[in-house]
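Enquirer: prediction below, plus the sequence it came from.
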Amino acid sequence: MDTLRQFIRYYRPYKGVFFLDLLCAALISLVDLAYPQILRWATNGLFTGAPETILSGLLPIGLALLAAYVLQALCKYYVSYQGHMMGANMERDMRQRLFDHYETLSFSYYDANNSGQMMSKLVSDLFDISEMAHHGPENLFISLVKIVGSFVFLFLINWKLALLLAAVVVVMFFCSFFQNGRMQATFLENRKKIGDVNASLQDTLAGIRVVQSFANEDIERRKFQGSNEAFLRSKNENYRCMGTFASSNTFFQGLMYLVTLVGGGILIANGQMEVADLAMYALYIGIFISPIQVLVELTETLQKGFSGFRRYQAVLDTAPDIQDAP
């Protein structure tokens, strides 16, 4: 929680852009949620009338949808452009602050830490942090609006089938929660190993004249190969966790369709649900599942970003041995 609080303060100079970004994200989600409801209303009402009534009603509905999709496109442009720029500005601020702090640290810190590791924190870590700064809140907000909104409509269409789906989602959430801790550890280890690769590369290239003068190329190749293989092993463990996480979530998403088909069939057989409502359920299930898939992919971005931010914050928390007087 303390890490999250420290990260949030970097949003303060850009809070106007941030809240407008969330507003645009909400509008994008609401337009997606509105279409199945409009289709349901038209199927049960407008399309059951006379041909003249249907044709006269299509024009205002078509114009309203066109205006909604134009608004959605404009919101998407703002989110894609200004949202990414917000993350880039935060990345610049963090990089400048980290560089300024590097210049205040004592010689003992540089003796204990390789410059390759420090460069990794200054470049690659901060790039992933900027991606998290933009995509994290935006995708999380869009997904929550779609999940909550679609579930409300599913509940209004048929609450019994909605409760069955809710049970599947709860089990899916707990499985994801337990896998999340393991993924976090692998991403942090991954950061350390890529730093080791950078450190080995920096040592070799900085002293290439000495290496070639004493014909130590084979020694340096073995050193780099060791750090390179260690990075591959950490990536292997990382991808194994990601594969388990993604496959389990894919299974639960398929289970939702299974529950909808079987549960909906039972309710229709018992006269507790209309066939047209089951068709609407299928549309909302698609809207319900797509943000879950986004959240699954977002987990990787968040894990990379927070693991990088912890390394970044650890440097800032390092106080120099000698400090200037106030």
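Expert: Structure's in. What do you need? Numbering: from 1, shown residues only.
Enquirer: every contact and neighbour count from this point should use C-alpha atoms.
Expert: Will do.
Enquirer: so what's the residue count around residue 186?
Expert: 22 (other CA atoms under 10 Å).
Enquirer: so where do the strands sit in the stretch 1-150 of the chain?
Expert: In the stretch 1-150 of the chain, no segments count as strands under DSSP state E, counting those that start in this stretch.
Enquirer: need the pLDDT of residue 286.
Expert: According to the prediction, residue 286 has pLDDT 74.
Enquirer: and whichever strand or helix holds it, what other elements does it pack with?
Expert: In the assignment (DSSP states H and E), residue 286 maps to helix 275-316. Counting contacts by 3 or more CA pairs under 8 Å, 6 or more residues apart in numbering; DSSP states H and E, helix 275-316 is packed against helix 15-44, helix 51-104, helix 115-122, helix 124-157, helix 159-206, helix 217-269.
Enquirer: following the fifth one, which helix or strand comes up?
Expert: Meaning helix 159-206. Note on helix 159-206: by DSSP H and E, the next helix or strand toward the C-terminus is helix 208-213.
Enquirer: so where's the stretch 1-150 of the chain shaky on pLDDT?
Expert: Where the stretch 1-150 of the chain drops to pLDDT under 70, the residues are 1, 47, 116-117.
Enquirer: coming back round to it: so what angle separates the directions of the helix holding residue 286 and helix 124-157?
Expert: Between helix 275-316 and helix 124-157, the angle comes out at 160 degrees (axes from the mean of the first three to the mean of the last three CA atoms, to 10 degrees).
Enquirer: how far off helix 15-44 does helix 275-316 point, in degrees?
Expert: Using the same axes, to 10 degrees: helix 275-316 against helix 15-44 is 170 degrees.
Enquirer: what distance separates helix 275-316 from the centre of its chain?
Expert: 6 Å (CA atoms, centre = their mean, to the nearest Å).
Enquirer: that one vs helix 115-122, what angle?
Expert: Using the same axes, to 10 degrees: helix 275-316 against helix 115-122 is 140 degrees.
Enquirer: got the angle for helix 275-316 vs helix 217-269?
Expert: Here helix 275-316 runs at an angle of 150 degrees relative to helix 217-269 (the same axes, to 10 degrees).
Enquirer: before we move on, back to that, tell me which of the helices and strands packed on helix 275-316 sits nearest to residue 312.
Expert: helix 115-122 (6.2 Å; CA to CA).
Enquirer: which strands and helices sit next to that closest one?
Expert: So helix 115-122, by 3+ CA pairs under 8 Å, 6+ apart, packs with helix 51-104, helix 159-206, helix 275-316.
Enquirer: adding distance to residue 15, write the ones you listed out as CSV.
Expert: What follows is the helices and strands packed on helix 115-122, written out as CSV (distance: least, CA to CA, whole Å):
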stretch, distance to residue 15
helix 51-104, 9
helix 159-206, 28
helix 275-316, 20
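Enquirer: so which of those comes closest to residue 43?
Expert: Proximity to residue 43 (CA to CA) singles out helix 275-316 among the helices and strands packed on helix 115-122, at 8.5 Å.
Enquirer: my guess is residue 267 contacts residue 277. True?
Expert: No. Using CA atoms under 8 Å, residue 267 is not in contact with residue 277; the gap is 11.0 Å.
Enquirer: burial count for residue 303?
Expert: 22.
Enquirer: for residue 288, find the nearest of the helices and strands packed on helix 275-316.
Expert: Closest among the helices and strands packed on helix 275-316, using CA to CA: helix 124-157, at 5.2 Å.
Enquirer: what is the closest one packed up against?
Expert: When contacts are defined as 3+ CA pairs under 8 Å, 6+ apart, helix 124-157 sits against helix 15-44, helix 51-104, helix 159-206, helix 275-316.
Enquirer: gap between that helix and the chain center?
Expert: The answer for helix 124-157 is 7 Å, by CA atoms, centre = their mean.
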